[in-house]
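**Q** I'd like to go over a predicted model; first the sequence, then the structure.
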Amino acid sequence: MAEVVIVENRNVGGALVADEIVRLIDTVPEPVLGLATGSTPLPVYDALRTRLAGRDLSHVRGFALDEYVGIDPAHPQSYRSVITREVIEPLGLDPKLIRVPDGAIETIQHAGDDYDAAIVAAGGIDLQLLGIGTDGHIGFNEPGSSFASTTRIKTLTEQTRQDNARFFDSVHDVPQHCITQGLGTILRARHLVMLAFGEGKAHAVAAAVEGPVSAMVPGSAVQLHPHVTVVVDEEAASQLKLADYYRRSYANKPAWQGL
């Protein structure tokens, strides 16, 4: 069972996860972070700014979840640009140590295998941040994705393109394809931390955490992992049947266990 932590609001959740990342950076010689994009992890990155200020982070490595295929890395909505703007520069990370999947069309046939090999060479991901879509997707693993999938090219659903159109001039500018860490790749991380905030995520959270394990809800893959922390606000937790149990469990959790 995943550990579900129900917090007052997204800022409290972001601070909680940031504290765990700081602990990881302080205790692991060469920590490797799995970095998510979108609005959900922003409270974590915001909280890390003050917590990591002045620290030597030259040993911290990171791998982003996904990237659009065929987009110029310099485009403001490429995930390379987003990671640079929202994570690398504000936190003071070494850009040479932060990898984003290569969405170049010329190398896309082997880019997924290359990315997974780079993660293995780095020693694997210690803590993987995840958001979850309203349809239950994590990364760009759309409904129907295999739980054994590795980093690969995927065709985006029309719903995902519509959802992401707000970042572009129009939906026609949203790429049709992406390259994403697969569910199998994600499940190799040593600790998964899924965040969800707002009532709009309540159904997806309940389906992922308490529903049947199904490829139609890619987020339900977290049920197969031995160390998962799901951090949600009250609205996102509103459809959880065991919400009271999760609150009691966390309130009585030994402090030495961390997240």
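**A** Alright, I've got the coordinates.
**Q** For the stretch 101-250 of the chain, which segments are assigned as helices?
**A** Counting by DSSP state H, counting those that start in this stretch, residue ranges of the helices within the stretch 101-250 of the chain are 108-121, 158-164, 183-186, 202-210, 243-251.
**Q** among those helices, which is nearest V5?
**A** Taking Cβ to Cβ as the criterion, V5 comes closest to helix 243-251 out of the helices of the stretch 101-250 of the chain, the separation being 5.3 Å. The C-beta positions use only the backbone N, C-alpha and C, and glycine is treated the same way.
**Q** Quick check: which helices or strands does the closest one pack against?
**A** Based on contacts counted as 3 or more Cβ pairs under 8 Å, 6 or more residues apart in numbering; DSSP states H and E, the elements that helix 243-251 packs against are strand 3-7.
**Q** How far does the strand it packs on sit from its chain's centre?
**A** 17 Å (Cα atoms, centre = their mean, to the nearest Å).
**Q** Which residue is the nearest non-sequential neighbour of A243?
**A** Ranked by Cβ to Cβ, 6 or more residues apart in numbering and with sequence neighbours excluded, the top spatial neighbour of A243 is A237, at 5.3 Å.
**Q** which ones are touching that neighbour?
**A** Residues in contact with A237 (Cβ atoms under 8 Å, 6 or more residues apart in numbering) are V4, I6, A202, V205, A243, Y246.
**Q** Check the fourth one and give its pLDDT.
**A** In this case it means V205. At V205 the predicted local confidence, pLDDT, stands at 98.
**Q** what sits against Y250?
**A** Under the criterion of Cβ under 8 Å, 6+ apart, the neighbours of Y250 are E3, V4, V5, I6.
**Q** What's the local residue count around the nearest residue to S58 once chain neighbours are set aside?
**A** Computed as Cβ to Cβ, 6+ apart, the closest residue to S58 that is not its neighbour in sequence is D94, at 5.8 Å. By the other Cβ atoms under 10 Å criterion, the neighbourhood of D94 contains 13 residues.
**Q** And D94, how close does it get to E234?
**A** D94 sits 38 Å away from E234, taking Cβ to Cβ, to the nearest Å as the criterion.
**Q** What separation is there between L156 and R10?
**A** The value you get for L156 to R10, if Cβ to Cβ is used, is 26 Å.
**Q** Same drill for those two, tell me which one is more crowded.
**A** For L156 versus R10, the count of surrounding residues by other Cβ under 10 Å is larger for R10: 24 against 21.
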